[in-house]
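K.L.:
my questions concern the predicted model and sequence given below.
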Amino acid sequence: MQSKKIGLYLLLFFFLNWFISSNTPCFAWGPIGHRMIAETAALLAARNLPTTWGPFLARHRFELGVYSILPDAVFRHGDGKSGTLEGKTHYFDLDIAIGLKPGQPDFEKETLKIPFDYKEAQKYLEKKINNNEKFKTVGNAPWRVEQLQDLAWNSLKSVKKIKGAYERGKTSSGEIKNIYDGIFYLGILSHYTGDSSMPYHALSDWNGYSIGQGGIHFYFESDCVNYLEPGLSQSVLEEALMHQKEWKEKWNQTYQSPASVMLRMFLDSALAVEAITKIDSEKAITKYSKPGTETDAIRKSPEEICPIFKSILVGRLAKGAVLTDYFWEMVLPKSIDFSESSKFQFSDFETNPDYIVPKFDPSLFLAPLQRPDKKD
């Protein structure tokens, strides 16, 4: 029974990888990168919350990894708008939002002026951009994360005890169904937190087309990740463990809301583009693409170049994993009884969920008791 279940999981996972790579263009991190971020976040939680949520999340790291892929594999095809509605929830173009590029004076200062409340940000950006068409393309990933946190929190907030063995979540009810839904939302959330750590999701030139380095996004986030894994995930976990304390302390000191932390991550990602572009130009490209056209430059093989990118990739993926765990821990109830939870595990998971329509209303979980600098 157990071997059949494992075989089914592997078959499904390989199918998802094939589906994404052969039927859709790669977005943000490819499926392996997103899976790595979600699974690493679960392993971080296992160390940070060893007597409560940690072991439970670690046992479900495969499911969380599958869920992290669904916004690209399913949502982009099911938003009813040919992907345009969902697509904007995956990025935030800082250069459009503030009218500056990384390296220009005040790039960081102007980024941090963006309001963290969605309605206030909308008013601010409409006025600052002063171009309706450009405003429509700026993206809204920071607030998509808040929406998913709210959904997870509302699913989990009433749970009092986790107990049982193998449970079928889809047909369950009561607390078991609440936990099942909560895990689903946490996994979906990890896609968007992961997106914020991808440098090319922070700028409008998302694939190097404007500078003759077409294809750099996919080469960096997919070709190199695919080449370096297996092995890359272990480096990402080690990097995350080494730096999670300092990163979380930094985010907590500047905390205003989850959206404010996401905006800072997008800033961090935008500032990482220069180093990637430099390596690509000096080491990888053998023939540039024509600037301003959506054509790809010709590059050396991943075997030759991707090890040069490894340290940057490890850092970006590790930050995505730590950010994911940081946002998960914000909404996980702390008063649950885990005394009978050691054998509890879901035997099923969602693979073709209904689309989650973007809604950016004020969230209940943002109440003071749920802030990371408070205790509930």
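P.N.:
It's in.

K.L.:
give the bridge partners for Arg299, please.
P.N.:
Ile285 (DSSP bridges).

K.L.:
how many neighbours does it have?
P.N.:
Neighbour count for Arg299, taken as other CB atoms under 10 Å: 19. (Glycine included, C-beta is placed from N, CA and C.)

K.L.:
distance check, it against Tyr326.
P.N.:
The gap separating Arg299 from Tyr326 is 34 Å, by CB to CB, to the nearest Å.

K.L.:
list the contacts for Lys127?
P.N.:
Going by CB atoms under 8 Å, 6 or more residues apart in numbering, Lys127 touches no other residue.

K.L.:
hmm, Ser301 and Lys283 touching each other?
P.N.:
No: Lys283 lies out of contact with Ser301 (CB atoms under 8 Å); the separation is 11.9 Å.

K.L.:
comparing those two, which shows the higher neighbour count?
P.N.:
Taking neighbours as other CB under 10 Å, Lys283 and Ser301 compare with Lys283 leading, 13 against 10.

K.L.:
the more buried one and Arg299, how far apart?
P.N.:
The spacing between Lys283 and Arg299, counted by CB to CB, is 9 Å.

K.L.:
shared neighbours of the two, anything?
P.N.:
With CB under 8 Å, 6+ apart, Lys283 and Arg299 have common neighbours Ile305.

K.L.:
what's the residue closest to the geometric middle of this structure?
P.N.:
Gly194 (2.1 Å; CA atoms, centre = their mean).

K.L.:
which pLDDT value goes with that residue?
P.N.:
Reading off the confidence values, Gly194 has pLDDT 97.

K.L.:
the helix or strand hosting it packs against which elements?
P.N.:
Here Gly194 sits within helix 174-196, counting by DSSP states H and E. Contact here means 3 or more CB pairs under 8 Å, 6 or more residues apart in numbering; DSSP states H and E; on that basis helix 174-196 packs against helix 31-48, helix 61-70, helix 141-156, strand 161-163, helix 258-279, helix 302-331.

K.L.:
apply 6 Å and report the result again.
P.N.:
helix 31-48, helix 61-70, helix 141-156, helix 258-279, helix 302-331 (3 or more CB pairs under 6 Å, 6 or more residues apart in numbering; DSSP states H and E).

K.L.:
buried residues, the fourth one. List them.
P.N.:
Under the neighbour-count criterion of 16 or more other CB atoms under 10 Å, helix 258-279 has 258-273, 276-277, 279 buried.

K.L.:
kindly present the helices and strands packed on helix 174-196 as JSON lines, with separate columns for mean pLDDT and distance to His77.
P.N.:
As requested, the helices and strands packed on helix 174-196 are arranged in JSON lines below (pLDDT from 0 to 100; distance: least, CB to CB, whole Å):
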{"stretch": "helix 31-48", "mean pLDDT": "97", "distance to His77": "15"}
{"stretch": "helix 61-70", "mean pLDDT": "97", "distance to His77": "11"}
{"stretch": "helix 141-156", "mean pLDDT": "95", "distance to His77": "17"}
{"stretch": "helix 258-279", "mean pLDDT": "96", "distance to His77": "25"}
{"stretch": "helix 302-331", "mean pLDDT": "97", "distance to His77": "24"}
